[in-house]
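S.K.: structure for this input, please:
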Amino acid sequence: MTINRKMPRWSKITLKVIGILIGLILIIFSGLALYVNSNKESLLQTITQKLNKNLNGTLTIGSMEPTFLRGFPGVSIKLLKVTMRDSLWKNHQHTLLDAKELEVSVNTLSLLKGTVEIKKIGINNAAIYLFTDSNGYSNTAIFRKKDKTKRKMIANHHHLKYENSH
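M.R.: Reported below is the predicted structural model:
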């Protein structure tokens, strides 16, 4: 004896809507993956310029890889072989940051508009060398001074995470 029960109409509609939403999300992320992979060089250049914008020195990036699921619902990009040196590095030869990986989380909507808005930076497997000479100069001078009001706003919107750094 088998009992044949039908699903209520509302549950069928709900399942279809959920299926369509999941399908749309997969299509959007597939499109973003294709966009990032086809525009790696220009994105890497834009990210480098954006990160160097507020530095008194240079930040160099070896390469990048998209890591979409890690920063969901945003887009995460893994930057590999990242070094940060202040403007007087040639004099003292002490690199402030030498990271194997830097994870940058980018706003998905701004990426679709063609701009890059960095939301979060994570530093993995890095060596950080804080140097101060006898005159009081420090390689942390790479970071430009800002208004305290602007700094508070930035601190509320951006996150920085360190893992396996020394």
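
S.K.: ok, which stretches of this protein are strands?
M.R.: Along the chain, the segments classed as strands by DSSP state E run 57-66, 75-86, 97-106, 118-128, 159-165.

S.K.: mean pLDDT lowest where, among those?
M.R.: Mean pLDDT is lowest for strand 159-165 among the strands of the chain, at a mean of 54.

S.K.: specify the beta-bridge partners of Ile61.
M.R.: Beta bridges link Ile61 to Val82, judged by DSSP bridges.

S.K.: could you measure from it over to Leu79?
M.R.: From Ile61 across to Leu79, the span is 5 Å (CB to CB, to the nearest Å). In short, each C-beta sits where N, CA and C put it, glycine included.

S.K.: these two: which has the busier surroundings?
M.R.: For Ile61 versus Leu79, neighbours defined as other CB atoms under 10 Å are more numerous around Leu79 (23 against 19).

S.K.: and that one, what does it touch?
M.R.: Counting by CB atoms under 8 Å, 6 or more residues apart in numbering, Leu79 makes contact with 44, 47, 61-64, 101-104.

S.K.: what's around Leu32, how many residues?
M.R.: Burial of Leu32 is recorded as 17 neighbouring residues (other CB under 10 Å).

S.K.: returning to that earlier point: Ile28 is nearest to which of the strands of the chain?
M.R.: strand 75-86 (10.5 Å; CB to CB).

S.K.: just how off-centre is the closest one within its chain?
M.R.: Offset of strand 75-86 from its chain centre (CA atoms, centre = their mean, to the nearest Å): 9 Å.

S.K.: could you do stretch 23-35 as well?
M.R.: How far stretch 23-35 lies from its chain's middle: 18 Å, per CA atoms, centre = their mean.
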